[in-house]
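> Predicted model and sequence below, questions to follow.
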Amino acid sequence: MENNRNLFLAIALSFIVLLGWQYFVAGPRMEAEKARQEQLAAQQAEQAGTTEQTNTAPAPGTSPAAATTAGAVPLSPQAALSQSARIDIDTPKLSGSINLTGARIDDLHLNEYRETLDEGSPTITLMAPSGSQNPYYAEFGWVSGSGDIALPNANTVWTAPEGAKLTLDKPLVLTWDNGTGLTFVRTVSVDNNYLFTIDQKVENTTDAAVALYPYGLISRHGTINTSGIYILHEGLIGVDGEDGLQEVKYKDIAEKKIEQPSKTAKGWVGITDKYWATAVIPPQGQTFQPSFRYNEIAGKPAYQSDYLGDAVNVAAGASVSYKTNLFAGAKEVATLRKVEDTTSALNFDLMIDWGWFYFITKPMFWAIDQLYGLVGNFGIAVLLITVIVKAIFFPLASKSYASMAKMKLLQPKMEEIKKNMGDDKQAQQQAIMKLYQEEKVNPLAGCLPIAIQIPVFFSLYKVLYTTIEMRHAPFFGWIQDLSAPDPTNLFTLFGLVPWDTPAFLAIGIWPLIMGVTMFVQMKLNPTPPDPTQKMIFTWMPIMFTFMLARMPAGLVIYWAWNNSLSIIQQATIMKKHGTKIEIWQNIKDTFSRSKPKSE
């Protein structure tokens, strides 16, 4: 029993360390960083400068650099958009426009997602043009080795048919003639999975062949606010063939300036946020060089993910096409799978940060999603998956509690061994282990279900925190977003007192329920005789209540429901094995100043 309790205590303390770090260290750091970023953004908005600059094209074998804009005071979105002719994007899921200058996709809104739960709040703005506060755009084109070929660049004004518009059924065709025998035709189409297809055609009417290198890039400027949670990657991302997933943090690329994985024929590169992402997907099977890079433009940080393809030879009098895909949208699991099927992009579902326990997290999401399809509520689906997990672990739990019951019956013999052996700890341990063997008791059996459920807990945390399907998903009553903390607050009497409490005092109803159920579950076992252990076990539910209060409400509901099921399960198994349930006596002993009586 003592060994069981110590191991359980170690596991619980591990939880406290992890959650405590997030609550007391990572959380304040995130707030401080957010404040610093906001201050920096305000300073950048005051910087002067009015020139438009375009970087020169790179030599073959290196990746392209985006055209850069050194802006004065950042323009409003409307003012920035009005500076150039544009072609509207109009689909059920996407709206915005394509800039005819540079043929950039730099104005994109996600019609099905809003910034807040308020139906009147603005839709999510994913991409923004140069000159605005935080430019974010995709650009495609060609570079040459000789440098004496006129090629379209970020300043090129493309020609579009009169009345053109990009819709699901109507692609956009852009043209540009370099005046020396090369005509560039760019056909842009889009589907209902946030997936653009950019078909770049080069027509060569000269009497000499030309070799051109295709590129695609995503560039993002300014100070980028991230969630700051260590379990979630936000930044530059890609998959590089056999080298697999590439994740580069903003701060890391700012130090390195450039990072180039090995050349590959399978993969993609992009930039990811918690719920939204962009990625350029070269034609799979054709070699390209992926790159991640950092630059500073007029004092602003600029982050870029790009690729450079191998040379495409255009014979005299011939034409060549090169197709690239761009994903720009919400990281919906089903949508990412469809994009992977359409483009053959390697491991495109890794755009979602499934975590170390991905082999549990992905099936966990699948199960919750399937249950959601049956019941229509993600909160109910979480409750049902908890029951399923409990059912799966029931045989282990039964053996565990049976072992605990035997351990409790052996407690008098163990106390006698300790008394007879005196201070000889080694002899004590040897005698106790011999007793375990004789009675066929496994002292670690009681901790196995707990240890196994730890990755299940963190996997559910990942599902609730990182998948967009949980964003703004309601439960019942006051819980309108399972991915956000419980909005109620004990210290404002749940809204009756107009007091803006500090973040660490924001304890909602569900965290309180979780704390109470955790306390009751722990009191099913005898009060530890050791005063230190007794104190830790007494305060643990309170500490967890505070630490989980700022976590997603769905996770807190899961934990409270799991505790409730555990209470019923443990009490049933203990009764079955003839172990006396002393929950009220144990609660009484907890608040008693006198040392509890030993068994």
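Thanks, I have it.
> isn't Leu482 right up against Met551?
No. The pair Leu482 and Met551 fails to qualify as a contact (CB atoms under 8 Å) at a distance of 11.0 Å. Heads up, the C-betas are built off the backbone N, CA and C, glycines and all.
> which one of the two has more residues nearby?
Shown here are Leu482 and Met551; by other CB atoms under 10 Å, Leu482 has more neighbours (25 against 22).
> Give me the secondary structure label for that one.
coil (DSSP: H, G, I helix; E, B strand; the rest coil).
> do the same with Phe457
Reduced to three states with three-state DSSP, the structure at Phe457 is helix.
> Can you tell me how far it is from Glu242?
Going from Phe457 to Glu242 by CB to CB, to the nearest Å gives 33 Å.
> now swap in Asp341 and tell me
The value you get for Asp341 to Glu242, if CB to CB is used, is 21 Å.
> In this model Ile352 seems to touch Leu232, though I could be wrong.
No. With contact defined as CB under 8 Å, Leu232 does not reach Ile352; the gap is 9.9 Å.
> higher neighbour count, those two?
A side-by-side neighbour count of Leu232 and Ile352, using other CB under 10 Å, places Ile352 first with 26 against 17.
> list the contacts for the more buried one?
331, 333, 336, 466-467 (CB atoms under 8 Å, 6 or more residues apart in numbering).
> Pairing partners for Glu139 in the sheet, please.
Partner residues in beta bridges with Glu139: Leu217, with DSSP bridges as the criterion.
> Show me the residue sitting in the middle of this protein in space.
Thr466 (3.9 Å; CA atoms, centre = their mean).
> Next, the residue lying closest to Ile253 once chain neighbours are set aside: secondary structure please.
Nearest in space to Ile253, with sequence neighbours left out and distances taken as CB to CB, 6 or more residues apart in numbering, is Tyr294 at 4.6 Å. Secondary structure for Tyr294, judged by three-state DSSP, is strand.
> hang on, the earlier thing: what touches both of Leu232 and Ile352?
Thr466.
> you'd agree Val239 is in a helix?
No. Secondary structure assignment places Val239 outside any helix; it is strand (three-state DSSP).
> tell me the contacts of the closest residue to it other than its chain neighbours?
In space, not counting the residues next to it along the chain, Val239 is nearest to Gly267; the distance is 4.4 Å by CB to CB, 6+ apart. Applying CB under 8 Å, 6+ apart, we find Gly267 in contact with 238-241, 282, 290, 345-346.
> do that again at 6 Å, thanks
Contact analysis of Gly267 by CB atoms under 6 Å, 6 or more residues apart in numbering lists 239-241, 346.
> Just the buried residues of those.
Of all the contacts of Gly267 considered here, the ones buried according to neighbour count by 16 or more other CB atoms under 10 Å are 239-240, 346.
> Over to stretch 466-483 now: how far is its first residue from its last?
Taking CA to CA, to the nearest Å, stretch 466-483 runs 8 Å from one end to the other.
> residue contacts, Thr361?
Taking CB under 6 Å, 6+ apart, we find Thr361 in contact with 354-355, 459, 462.
> can we see that at 7 Å?
By CB atoms under 7 Å, 6 or more residues apart in numbering, the contact list for Thr361 reads 354-355, 459, 462-463.
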